[in-house]
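Novice: When you get a sec, could you give me coordinates for this:
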Amino acid sequence: MTERFVVAIDQGTTSTRCIVFDRRGNLVSVAQREHRQHFPRPGWVEHDAMEIWRNVGKVVPRALNQAGLSIDQIAAIGIANQRETTVVWDRRTGVPVAPALIWQDTRTDLVVEALSRASGAEHIQELCGLPLTTYFSGPKLRWLLDHIPGLAERAERGEVLFGTMESWLIWNLTGGPDGGLHLTDVTNASRTMLMDLRTLDWHPRLLSFFGVPAAMLPQIRSSSEVYGTATVVLPGVRIAAALGDQQAALFGQTCFDPGDAKCTYGTGSFLLLNTGTEPVPSRHGLLTTVGYRIGDEPALYALEGSIAITGSLVQWFRDRLELISTAPEIETLARTVDDNGGCYIVPAFSGLFAPHWRSEARGTIVGLTSYITKGHLARAVLEATGWQTREVVDAMNADSGLELTALRVDGGMTANNLLMQFVADVLAVPVVRPMAAETVSLGAAYAAGLAVEYWPDLEGLRSNWHPAARWVPEMDAAVRTRERENWRRAVERTFDWIRPEEDPARR
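Specialist: As a prediction, this is how the structure comes out:
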């Protein structure tokens, strides 16, 4: 019998990848293509959705060719995607009406301010689990409706469609203007601020609050089920999963039980804790979100802490300060000193995400003395990621009533052994990295494979998970307490830096 495989399309912030996996969850082949980042004004970040769609058509056949596979050997397609990124396109032509507004885009700050003063604003987070910030899709969609002439009227008539990136790709994969399926999954829908966390459907009160016409919205489906069949790129192959990238990583890390947690360390970092079948409201600055839903089974929920700047702080250290030539060099430089020398870097480059949600904060370096060397600065860069992780874990423990006992990690920064040891030290729990490095793509593949019975059940997926590295706490408790307090004081110094009239993104 011909061996079969599952394809994951991982549509990320900087690139689109296609990865082929076998039954053991092993990576068989991978193809990747970057897309341009557009910064037309301060605080504005855009992508060309058509460029991304064209890239899908290039990376998928390349990945199959590398592995020597034919289309009939592909059992299913799973999609993982950058979340909150907002696309609106013409139903008839398939052409986007504007560039895609990226999750990092902060042009909606005035929209958010106005909405926060509107009647009913105090009930929004209770319904959707999310605070009113520029991060999510709802305010981005409202901005487009307000700023593109005639778009609101066209949306009311159903002439234009809204979606996050998985909706855009599924619509195009299944025919586009010629009968393309317009749908999303519960994980991506839970990031729009338009979905009721409990009913898992668009909520009329939320649609009314944001002024979003229901006619432009996709149908909400589970994360793991057969949505339809591709007509292009992989014609005849079933599309059987869609998850936001961080929920896909949770699934790929096999965090299937309440209390399981993972953190993906990339450009930013995202820590998710499985909280079970009931949404847990956060009182400590976290997001309540859908973790995943398999077919008709109850949805599993998660608490999430989103950290805006982690890997990108290393990039800044390399590209702007030019103190290192390559990202891995930061570990070598940081090891030239024993500690941070009393120096702390808080990377609030465009505000602070969880658990503070302070959009007016800006980055700061504190504790500078003539003693500080570039080695101390390198160590402070890495320690910033560790302490931001600790802030999120403290909030999760307080909200959930669960005590984290271990943290599963993935992403490019986990190759930095000094950083991972520091994370274990400040959390006072073991940190574990699995053999499979591509957990986002693997999660999408797992969910698709489950839907078509390529894998039988969750236990089969758990058996594929194997640890590759483990770090255990070594820091003295008194040192941890002192350093945590110093970090807290450094963070407070970032608050209230930008005044509304001084923000260039508003001009």
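Novice: Quick check: nearest residue in space to residue 244, chain neighbours excluded?
Specialist: Nearest residue to residue 244 in three dimensions, chain neighbours excluded: residue 83, at 4.0 Å (CB to CB, 6 or more residues apart in numbering). Backbone N, C-alpha and C define where each C-beta goes, glycine included.
Novice: Tell me how far the one you found lies from residue 12.
Specialist: 10 Å (CB to CB, to the nearest Å).
Novice: same deal with residue 211?
Specialist: Distance from residue 211 to residue 12, by CB to CB: 30 Å.
Novice: out of the two, which sits in the more crowded spot?
Specialist: Ranked by neighbour count (other CB atoms under 10 Å), residue 211 and residue 12 place residue 12 first, with 20 against 14.
Novice: Show me the common contact partners of residue 83 and residue 12, please.
Specialist: Residues touching both residue 83 and residue 12 (CB atoms under 8 Å, 6 or more residues apart in numbering) are residue 245.
Novice: Which strand or helix spans the residue nearest to residue 244?
Specialist: Secondary-structure assignment from DSSP states H and E places residue 83 in no helical or strand segment.
Novice: which ones are touching it?
Specialist: So residue 83 contacts 103, 164, 187, 188, 191, 244, 245, 246 (CB under 8 Å, 6+ apart).
Novice: Would you agree the first one is in contact with residue 81?
Specialist: No: the pair residue 103 / residue 81 is not scored as a contact, 10.5 Å apart, by CB atoms under 8 Å.
Novice: low-confidence ranges in the stretch 351-500 of the chain?
Specialist: Within the stretch 351-500 of the chain, the segments meeting pLDDT under 70 span 500.
Novice: hey, where'd the strands end up in it?
Specialist: 364-366, 407-410, 431-434, 467-471 (DSSP state E, counting those that start in this stretch).
Novice: Starting from the third one, tell me which strands it pairs with and how they run.
Specialist: Meaning strand 431-434. strand 407-410 (parallel), strand 467-471 (antiparallel) (DSSP bridges).
Novice: Ok, the shortest one next?
Specialist: For strand 364-366, the paired strands and their directions (DSSP bridges) are strand 344-346 (antiparallel).
Novice: buried sites along the lengthiest helix in the chain?
Specialist: Identified as the longest helix of the chain according to DSSP state H is helix 374-400. By neighbour count on 16 or more other CB atoms under 10 Å, the buried set for helix 374-400 is 375-396, 399-400.
Novice: what does stretch 451-459 give?
Specialist: So stretch 451-459, judged by 16+ other CB under 10 Å, has buried residues 451, 452, 454, 455.
Novice: ditto for stretch 338-345
Specialist: Within stretch 338-345, judged by 16+ other CB under 10 Å, the buried ones are 340, 341, 343, 344, 345.
Novice: what sits opposite the last one in the beta ladder?
Specialist: By that I understand residue 345. Beta-bridge partners, per DSSP bridges, of residue 345: residue 365.
Novice: my read: it touches residue 313, true?
Specialist: Yes: counting by CB under 8 Å, residue 345 does reach residue 313; the two are 7.3 Å apart.
Novice: okay, and the common contacts of the two?
Specialist: The contact lists of residue 345 and residue 313 share 381, 384, where a contact means CB under 8 Å, 6+ apart.
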